[in-house]
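Colleague: Okay, sequence plus prediction incoming.
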Amino acid sequence: MFASVLIVDDEKHTREGLQQALEDNYDIYLAQDAEEAFNLLDSEPFDVVITDLRMPGKSGLKVVDKALTLTNRPVVLMMTAYGNVETAVEAMKRGASDFLTKPVNLEKLEILIQRALRSKSLEVENKGLHERLDEKFNIGGIIGNSAPLIRVIDRVRLVAPSKTTILIEGETGTGKELIAQALHQLSPRSKQPFVTVHCAALPTNLLESELFGHEKGAFTGATERRIGRFEFADGGTLFLDEIGEISLGTQVKLLRFLEQKIFERIGNSKSIKVDIRLIAATNRNLTEMVHEGSFREDLYFRLNVVQIVMPPLRERPDDLPTLLNHFLKEFGDENGIEPPTIEPGAMRALQHYRWPGNIRELRNFAENSVVLNRGGNIRDFDLDPKFRGGGAATPGEPTSPIANPLSVEENEKRLLREALVESRGNRTRAAKLMGISRRTLHRKLTQWPELDVEDR
């Protein structure tokens, strides 16, 4: 299959002369001006575009611009009878691959076309390589490349192919279910069911029925036979979220399954054997629950064969910009709204916030920002005060937003910055809040220009 070449030139003899020289080796298309070239570029994919610079109407630079907006971008060669350094530089800046002067040296043109095709081939190959790398290193919708997250992903890849029972621990909203799904996707069971049970959402009697199923008449309201999640997950993976919420009675039945791989439906003594991989998750401290007597120690050891601990978002500040931009785009696309831009000062403040609700809280922030700031900019003084103060401390931590003692100068800089944020950049108001003169405030901002906030 020949490579396709579009020749754009207002001079008929030039167009047809190049066509005759190249048509034995390439599929040639001709356009006499930029508008005709635009129509062809919209309707046909091209490997190479050769365009004259000076033409009636739109110039060849517009052809360059148009070609480079296409998804499958062609390589562009510029030609002109007015060869000079300024024109060549401008063409290259716009994205042209190379530059030719008229009359065109056909041997040189052939060399440039072949070079352009090799470049395009490498670009396609590199794109495919990047896509394969993305597929390799991005799993299950997990976003980020911070060291704590990479350690988790490495562990997931290591244990996913096994049949081992896994316990995922971590605070609420850290993405434990995503990790469970990734373990399933990377396992030999990936084509089989992935079944989720949110244990905290069901009372004990309903949870047991949900897990193990029941026979008709097994209890009041059991009007028909029900297949439980264990049977639905046969051959695949069963994910028990919030495992710390199940009763001691249910714990006994779960322990028996883990030891013998069998269970009974409620109201039936016949044992049922299934082949499932069990993954459990909790935001509670199961070790403490074992000491309190609310969680069986033998079950804990059966569940905790391999442990994966999800880091909270506050330990992944480097991932926050990537996560936030992903969610802003997601909610922008969902609502048909241009997402806002988070300015550097605001992003820094968000990275210092504690995020007690973790990624779930970040998603809510992103959705709120998209809806209330359509396509605008979000600056640090646009943020809710809780984000500017670093967020509430977690249990056992100091309540002061200042984690470490600061020097007098650092405290003064912090207070000055807060005054500027509170006054939305109004220096007169900021000086009053600080209890200093406007001249003093101006002198301090000259000394510390990084603290200044643009007056709004």
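Modeller: Here it is on my side, so go on.

Colleague: And stretch 43-53, what's buried?
Modeller: By 16 or more other CB atoms under 10 Å, the buried positions in stretch 43-53 come out as 46-53. Placement of C-beta: from N, CA and C, glycine included.

Colleague: Touching that stretch from outside, list them.
Modeller: Residues outside stretch 43-53 that contact it (CB atoms under 8 Å, 6 or more residues apart in numbering): 3-11, 14, 18, 26, 29, 37, 40-41, 59-61, 63-64, 67, 70, 72, 74-80, 82, 87, 91, 100, 109, 113, 116-117, 120.

Colleague: ok so, going back, quick check: the two most widely separated of the buried residues of stretch 43-53?
Modeller: Largest separation among the buried residues of stretch 43-53 by CB to CB: 47 and 53, giving 20.8 Å.

Colleague: how about the helices of the stretch 151-300 of the chain, start to end?
Modeller: Assigned helices in the stretch 151-300 of the chain, in chain order: 176-185, 204-212, 229-232, 248-260, 286-292, 297-303 (criterion: DSSP state H, counting those that start in this stretch).

Colleague: Would you tell me which of those helices gets closest to residue 154?
Modeller: Among these, helix 176-185 sits nearest to residue 154 (CB to CB), with 11.9 Å.

Colleague: now for the closest one, which elements pack on it?
Modeller: Using 3 or more CB pairs under 8 Å, 6 or more residues apart in numbering; DSSP states H and E, the elements in contact with helix 176-185 are helix 147-159, strand 166-169, strand 194-198, strand 237-241, strand 277-282.

Colleague: Identify each buried residue in the third one, please.
Modeller: Using 16+ other CB under 10 Å as the burial criterion, the residues of strand 194-198 that qualify are 194-197.

Colleague: just the first one next, same as before
Modeller: Neighbour counts using 16+ other CB under 10 Å place 149, 152-153, 155-156, 159 of helix 147-159 among the buried residues.

Colleague: biggest separation within the residues you listed, which pair?
Modeller: Taking CB to CB, the two most distant members of the buried residues of helix 147-159 are 149 and 159; they sit 16.1 Å apart.

Colleague: any idea which of the buried residues of helix 147-159 is closest to residue 303?
Modeller: Of all the buried residues of helix 147-159, residue 159 has the smallest distance to residue 303: 13.9 Å, by CB to CB.

Colleague: gap between the closest one and residue 261?
Modeller: For residue 159, the distance to residue 261 (CB to CB, to the nearest Å) stands at 19 Å.

Colleague: And for residue 249?
Modeller: Per CB to CB, residue 249 is found 20 Å from residue 261.

Colleague: Residue 76 too?
Modeller: 64 Å.

Colleague: just residue 37 next, same as before
Modeller: Distance check for residue 37 against residue 261: by CB to CB, it reads 68 Å.

Colleague: Tell me which of those two has more neighbours.
Modeller: residue 37 (27 against 13; other CB atoms under 10 Å).

Colleague: Which residues belonging to the helix or strand harbouring the more buried one are considered buried?
Modeller: Here residue 37, judged by DSSP states H and E, is contained in helix 34-43. Within helix 34-43, the residues that count as buried by 16+ other CB under 10 Å are 34, 37-38, 41.

Colleague: neighbouring strands for the helix or strand just after that helix, and are they parallel or not?
Modeller: Next along the chain after helix 34-43, taking DSSP H and E as the criterion, comes strand 48-52. Counting by DSSP bridges, the strands paired with strand 48-52 are strand 3-8 (parallel), strand 75-80 (parallel).

Colleague: centre of the chain versus the last one, how much separation?
Modeller: Okay, so that is strand 75-80. Relative to the centre of its chain, strand 75-80 is centred 37 Å away, using CA atoms, centre = their mean, to the nearest Å.

Colleague: other SSEs contacting the helix or strand just after that strand?
Modeller: Using DSSP H and E, the next helix or strand after strand 75-80 towards the C-terminus is helix 85-94. Packing partners of helix 85-94 (3+ CB pairs under 8 Å, 6+ apart): helix 60-67, strand 75-80, strand 98-101.

Colleague: Buried deepest among those, which one?
Modeller: strand 75-80 (a mean of 25; mean count of other CB atoms under 10 Å).

Colleague: which residues sit against it?
Modeller: Where contact means CB under 8 Å, 6+ apart, the residues beyond strand 75-80 that reach it are 9, 47-54, 60, 63-64, 67-68, 87-88, 91, 95-102, 104, 109, 112-113, 116-117, 119-120.

Colleague: One more: stretch 434-446?
Modeller: For stretch 434-446, contacts defined as CB under 8 Å, 6+ apart pick out 412, 415-416, 419, 427-428, 430-431, 451-452.

Colleague: send the alpha carbons of the helix holding residue 37 over as PDB?
Modeller: Output in PDB follows, covering the C-alpha atoms of helix 34-43 (Å, rounded to 0.1, in the frame of the first residue of the first chain):
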ATOM      1  CA  ALA A  34      -5.700  26.200   1.300                       C
ATOM      2  CA  GLU A  35      -9.500  25.800   1.300                       C
ATOM      3  CA  GLU A  36      -9.400  22.800  -1.100                       C
ATOM      4  CA  ALA A  37      -6.600  21.400   1.000                       C
ATOM      5  CA  PHE A  38      -8.800  21.800   4.200                       C
ATOM      6  CA  ASN A  39     -11.600  19.800   2.600                       C
ATOM      7  CA  LEU A  40      -9.200  17.000   1.600                       C
ATOM      8  CA  LEU A  41      -7.600  16.900   5.000                       C
ATOM      9  CA  ASP A  42     -11.000  16.500   6.600                       C
ATOM     10  CA  SER A  43     -12.000  13.700   4.300                       C
END
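
Colleague: Sounds good, over and out.
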